[in-house]
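In: coords below, sequence missing:
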C-alpha cells in the first residue's frame, strides 16, 4: 500500500516526504528559548502608534466685572451744580471788570487826567465788592449744601469748592465753634490738590499755616492724605 502511494506522489509531481507545517517566528523563538524561560503562548499586543497628544482646549477666563468708570468726586459734583457754577462765573466776570478798571485808572492818571482816573478806580472797587459778594454767596451755598446732605461726619469740615481765602475764614470760624462745644478735635477735608493747577494743593498749606498761628497740633489722616486732623485739647 505504501508503495502505491509513493508511486502516485511521484506521478503527480509530489514529494516523497511529508511536508511539515510552516513554523511561525513565535514558535522559533519558543524553540530557541533557554530551558528556564516560559514558553511564548500568546502573541504580544501590537503597540498603537503614538500621536501628538491633543491638549485639552482651555476656555478663556475673564476677570470679574469691574466698573472702570471714573468715580464722581466732590469737585465733579460741584461742577454740575448750576447755581454754584453760575455764581462763580459771575464773580469771575466782575473780577475781570475790576482788573480792567484799575488798569485804565493807572493809564489815565499817567496821562494827567486825575478826575477820570479816580472815577475808574471807584468803578473797579465796586466790581471788586460785587465779586467778593458773589464768591461769598457761592462758598456759603456749597458749604450748606454739603453739610445739609450729611456728606460730612460730625466734627468734619468739608472745604471742597472753596477758595483759599474762603477756606481759611471758614476754618477759623469752625475752630471757635468747636472749642465752644468742647470738641477734642476737628477733621478738615482739604483735598489732595488733584484738581488744582499743576496738581499742587493750595488749601492744605494755608490751613497748616493757620493751625501754626493758633498753636494747634495738626496731623495728616494716615488713611486719607486729603484730611487734616486738628487737636483742640
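Out: That came through fine. The structure presented is a predicted model; accordingly, all values stated were derived computationally and were not measured.
In: now the longest strand along the chain: average pLDDT?
Out: The residue-count maximum for a strand in the chain (DSSP state E) belongs to strand 224-231. When pLDDT is averaged along strand 224-231, the result is 92.
In: now stretch 177-186
Out: Across stretch 177-186, the average pLDDT comes to 92.
In: please apply the same query to stretch 110-126.
Out: Taken as a whole, stretch 110-126 has a mean pLDDT of 96.
In: which outside residues touch that stretch?
Out: Under the criterion CB atoms under 8 Å, 6 or more residues apart in numbering, residues 97, 98, 99, 100, 101, 102, 104, 105, 106, 108, 109 lie in contact with stretch 110-126. For every residue, glycine as well, the C-beta is placed using N, CA and C.
In: the longest strand of the chain pairs with which strands, and in what direction?
Out: strand 185-189 (antiparallel), strand 218-221 (antiparallel) (DSSP bridges).
In: any idea which of the ones you listed gets closest to residue 169?
Out: Nearest to residue 169, of all those, is strand 185-189, at 13.1 Å by CB to CB.
In: what's downstream of the closest one, the next helix or strand?
Out: helix 203-213 (DSSP states H and E).
In: helices and strands around that next one, which ones?
Out: In this structure, helix 203-213 makes packing contacts with helix 164-181, strand 218-221, strand 224-231, judged by 3 or more CB pairs under 8 Å, 6 or more residues apart in numbering; DSSP states H and E.
In: list the buried residues of the longest one.
Out: Yep, that's helix 164-181 we're talking about. 166, 167, 168, 170, 171, 174, 175, 178 (16 or more other CB atoms under 10 Å).
In: turn those residues into JSON lines, including distance to residue 203.
Out: Below are the buried residues of helix 164-181 laid out as JSON lines (distance: CB to CB, whole Å):
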{"residue": "166", "distance to residue 203": "9"}
{"residue": "167", "distance to residue 203": "5"}
{"residue": "168", "distance to residue 203": "8"}
{"residue": "170", "distance to residue 203": "10"}
{"residue": "171", "distance to residue 203": "9"}
{"residue": "174", "distance to residue 203": "14"}
{"residue": "175", "distance to residue 203": "15"}
{"residue": "178", "distance to residue 203": "18"}
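In: circling back: got JSON lines for the contacts of stretch 110-126, with distance to residue 123, secondary structure and neighbour count too?
Out: Listed next are these as JSON lines, based on distance: CB to CB, whole Å; DSSP: H, G, I helix; E, B strand; the rest coil; neighbours: other CB atoms under 10 Å:
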{"residue": "97", "distance to residue 123": "8", "secondary structure": "helix", "neighbour count": "17"}
{"residue": "98", "distance to residue 123": "9", "secondary structure": "helix", "neighbour count": "20"}
{"residue": "99", "distance to residue 123": "12", "secondary structure": "helix", "neighbour count": "13"}
{"residue": "100", "distance to residue 123": "9", "secondary structure": "helix", "neighbour count": "14"}
{"residue": "101", "distance to residue 123": "5", "secondary structure": "helix", "neighbour count": "20"}
{"residue": "102", "distance to residue 123": "9", "secondary structure": "helix", "neighbour count": "17"}
{"residue": "104", "distance to residue 123": "9", "secondary structure": "helix", "neighbour count": "17"}
{"residue": "105", "distance to residue 123": "8", "secondary structure": "helix", "neighbour count": "22"}
{"residue": "106", "distance to residue 123": "13", "secondary structure": "helix", "neighbour count": "13"}
{"residue": "108", "distance to residue 123": "12", "secondary structure": "helix", "neighbour count": "18"}
{"residue": "109", "distance to residue 123": "14", "secondary structure": "helix", "neighbour count": "16"}
